[in-house]
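[1] Give me the fold of what follows.
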Amino acid sequence: MRLTRTRRLGLAAIVAVALSLFGLAPAASAADPAAELSFSTDAATTTPGGAVNLSMTIKNNQTYDIWFIYQTIDPTWLTTQRPDLKYSFAGCSLETAAGAVPCSGVGPADLGGNYGTTIPPGQSRTVTLTLQVAADSGCNGNIGFYSYFYAEFSDSTSISGGPVYTPETRVLCA
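    This is a model prediction of the structure:
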């Protein structure tokens, strides 16, 4: 019985190699997701009492408009394990063609409305949250977040994604 199973596996391997040599095997493709969420910060470190700007950009890779976005942002497990790290989101702004405008929904709330109105195909929107570290915060720890999102398109399709992780901010003592 083992000999038969080994022969079958060997035959399957030979067929797979032959197909790949002749270009007949299905190719693995990394198609763009319908929407991408990415994060960046303006500084990798800060001190107690300091602030860091955390920018979130969602890009529409679909051929239809994004009509609705729901997004969460929560601290990573390692961040929650350091109760001495004290921080909060102190501000929110949306980048527009006319400049930055204030937005709402700061914190682990519905951040989707902050991206403004419809996002056309191929375009992106960036929201910047200001992460304020308390003056009495502990030091030598990292503050990081993760996010899940859900987006609906004008063709009635939807996607969800995540977790997407932010860069970590290191809180240093001077």
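[2] Secondary structure class of N114, three-state.
    helix (DSSP: H, G, I helix; E, B strand; the rest coil).
[3] and what of T126?
    Note that with three-state DSSP, the state of T126 is strand.
[4] so how many other residues sit close to it?
    17 (other Cβ atoms under 10 Å). From N, CA and C alone the C-beta is placed, and that goes for glycine too.
[5] swap in the one 4 residues further on?
    Residue crowding around T130 was assessed by other Cβ under 10 Å; the count is 16.
[6] just R125 next, same as before
    Neighbour tally, R125, other Cβ under 10 Å: 20.
[7] what does the model give it for pLDDT?
    In this model, R125 is scored at 89, pLDDT.
[8] Specify the beta-bridge partners of it.
    I58 (DSSP bridges).
[9] Give me the distance between it and S93.
    As judged by Cβ to Cβ, to the nearest Å, R125 and S93 stand 12 Å apart.
[10] where does this protein have low pLDDT?
    1-32, 104-110, 112, 117, 174 (pLDDT under 70).
[11] Please enumerate the helices of it.
    2-21, 77-80 (DSSP state H).
[12] tell me which strands and helices the last one is in contact with?
    I take that to be helix 77-80. Under the contact criterion of 3 or more Cβ pairs under 8 Å, 6 or more residues apart in numbering; DSSP states H and E, helix 77-80 touches strand 141-143.
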